[in-house]
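**Student:** The sequence and its predicted three-dimensional model are supplied below.
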Amino acid sequence: MNHVPEPAAGSRTEILAAEDLRKTYGERVALKGLTFSLDAGKVLGFLGPNGAGKTTSIRILTTILRPSSGRFVVDGISSEHPVAIRRRIGVLPEGLGFPRQMTAHGYLTYFAQLYGRPAAEARRVASDLLEDVGLQNRMDSSIGSFSHGMRQRLGIARALVNDPAVVFLDEPTLGLDPRGQRELLRLIQRIARERGTGVVLCSHLLSEIEGVCDEVVILSAGTVVAKGTVAEVVGASRPELDHVVRIRVPAESLAKTQSLLEVLPGIENAALAEESPGWLDVKLQASNGSGPQESQVRNNLLETLIRADVPILGFDTGGGRLEDVFLRLTAEAIR
């Protein structure tokens, strides 16, 4: 039997690395050379339209499928040792089912014991996890009495029961209202930071991903079409949006807003955003030391619209939005 080396505690920040992962089914290629890495304590957004290869990728990384070629490493453990990797990962699949009659505490205690913890320790772990996800006041309630949001929190606790190095969360906010989505994503971000856990987050909520993910990987037709921080992905896709801010106003105020902004010092032009109805792309003049700084131009822009009683529905200083990039990069696959 091959010896699997135990990773030294605190010896690395890179907790997950995939190198040229490929998967074929006969002549059909489902995944073409997936390469990326994830550091401990970081959240990675894993994005792509239906059929892009996300599910195949996650099944490979969670050792459900074997890749046709390529390799990956989880917490220093090579993909040649899938059983060892399973001990170091947690998974929240889409549509996870729960035993309705069990209590939340009993459910987590059961799984903690499955991972080899003694009964007393398993009960303590269950209590700690329920507190971590904000369910400490419902630990003795039956799961059948839980709302959808509470069950998703319980599912995240279940994914953490073995103290994993990497957690894979598939559409954890699906079916939640906007407040529930926001609260759950904040919880995910806090878990990553406080536990030093790497989180791979699959989601279609691109506007929310922007606020919670440290990096993103965008797949289209089995190929990585973009990866990096949100700012890097947006900037690489649309370099012409450097020095651009986006502002959204009511449709009836678009013409008035354009005329107000185009005469402001430091603004080159204000044009309708081609792929985002209701948004204006406002091109700022590059500062050469003699004109106003971009921060001052942005402040003047907002002050001008407020004084003119123009409702400001959205304001983006990043030169674009992840959703725009996603739609552009995956357009051919969606057709």
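**Tutor:** It's in.
**Student:** Report the distance from stretch 96-113 to the chain centre.
**Tutor:** Chain-centre distance of stretch 96-113: 27 Å, with C-alpha atoms, centre = their mean, to the nearest Å.
**Student:** hmm, I was thinking of stretch 111-126
**Tutor:** Chain-centre distance of stretch 111-126: 30 Å, with C-alpha atoms, centre = their mean.
**Student:** and that stretch, average pLDDT?
**Tutor:** Per-residue pLDDT over stretch 111-126 has a mean of 96.
**Student:** likewise stretch 285-297?
**Tutor:** 68.
**Student:** how long is it from one end to the other?
**Tutor:** 9 Å (C-alpha to C-alpha, to the nearest Å).
**Student:** where does the protein dip in pLDDT?
**Tutor:** Applying pLDDT under 70 to the chain picks out residues 1-12, 207-208, 234-242, 275, 287-292, 317-321, 323-324, 331-335.
**Student:** Got the domain ranges for it?
**Tutor:** The chain breaks down into these domains under automatic domain parsing: 14-98+146-235, 239-319.
**Student:** Adding distance to residue 127 and mean neighbour count, write the ones you listed out as JSON lines.
**Tutor:** C-beta here means a position set from N, CA and C on the backbone, and glycine is covered the same way. Below are the domains of the chain laid out as JSON lines (distance: least, C-beta to C-beta, whole Å; neighbours: other C-beta atoms under 10 Å):
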{"stretch": "domain 14-98+146-235", "distance to residue 127": "11", "mean neighbour count": "19"}
{"stretch": "domain 239-319", "distance to residue 127": "41", "mean neighbour count": "15"}
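**Student:** TSV please, covering the ones you listed and showing distance to residue 328.
**Tutor:** Formatted as TSV, these follow (distance: least, C-beta to C-beta, whole Å):
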stretch	distance to residue 328
domain 14-98+146-235	10
domain 239-319	7
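**Student:** and residue 112, which of those is closest to it?
**Tutor:** Residue 112 sits nearest to domain 14-98+146-235 of all the domains of the chain, at 5.2 Å, using C-beta to C-beta.
**Student:** ok now the closest one, how far from the chain's centre?
**Tutor:** With C-alpha atoms, centre = their mean, you get 8 Å for domain 14-98+146-235.
**Student:** where exactly do the helices run in the protein?
**Tutor:** With helices called from DSSP state H, the chain shows them at 54-61, 82-86, 104-114, 119-132, 148-159, 178-195, 206-212, 230-237, 254-261, 294-307, 322-329, 331-334.
**Student:** For residue 204, which non-adjacent residue is spatially closest?
**Tutor:** residue 171 (7.2 Å; C-beta to C-beta, 6 or more residues apart in numbering).
**Student:** Now do the phi/psi pair for the one you found.
**Tutor:** phi 50, psi 60 (degrees, to the nearest 10).
**Student:** contacting residues for it?
**Tutor:** 94, 202, 203, 204 (C-beta atoms under 8 Å, 6 or more residues apart in numbering).
**Student:** and the spatially closest residue to residue 60 that is not a sequence neighbour, what does it touch?
**Tutor:** Nearest residue to residue 60, sequence neighbours excluded (C-beta to C-beta, 6+ apart): residue 67, at 5.0 Å. For residue 67, the contact set (C-beta under 8 Å, 6+ apart) comprises 21, 22, 23, 31, 60, 79.
**Student:** Considering those residues, which is situated nearest to residue 229?
**Tutor:** residue 21 (21.7 Å).
**Student:** Which strand residues bridge the closest one?
**Tutor:** For residue 21, the beta-bridge partners under DSSP bridges are residue 34.
**Student:** coming back round to it: can you add distance to residue 75 and give the helices of the chain back as JSON lines?
**Tutor:** Listed next are the helices of the chain as JSON lines, based on distance: least, C-beta to C-beta, whole Å:
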{"stretch": "helix 54-61", "distance to residue 75": "12"}
{"stretch": "helix 82-86", "distance to residue 75": "8"}
{"stretch": "helix 104-114", "distance to residue 75": "20"}
{"stretch": "helix 119-132", "distance to residue 75": "19"}
{"stretch": "helix 148-159", "distance to residue 75": "15"}
{"stretch": "helix 178-195", "distance to residue 75": "13"}
{"stretch": "helix 206-212", "distance to residue 75": "22"}
{"stretch": "helix 230-237", "distance to residue 75": "25"}
{"stretch": "helix 254-261", "distance to residue 75": "51"}
{"stretch": "helix 294-307", "distance to residue 75": "42"}
{"stretch": "helix 322-329", "distance to residue 75": "28"}
{"stretch": "helix 331-334", "distance to residue 75": "32"}
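**Student:** for those helices, which one sits closest to residue 314?
**Tutor:** With respect to residue 314, and counting by C-beta to C-beta, the nearest of those is helix 206-212 at 10.0 Å.
**Student:** From the contact counts, what lies against that closest one?
**Tutor:** strand 43-47, helix 178-195, helix 322-329 (3 or more C-beta pairs under 8 Å, 6 or more residues apart in numbering; DSSP states H and E).
**Student:** ok, residues contacting that helix?
**Tutor:** 43, 45, 47, 173, 181-182, 185-186, 188-189, 201, 203, 216, 230, 321-323, 326.
**Student:** Identify the residues contacting the closest residue to residue 143 other than its chain neighbours.
**Tutor:** Among residues not flanking residue 143 along the chain, residue 98 sits closest, at 4.7 Å (C-beta to C-beta, 6+ apart). Residue 98 sits next to 107, 143, 146, 151, 154, 155 when contact means C-beta under 8 Å, 6+ apart.
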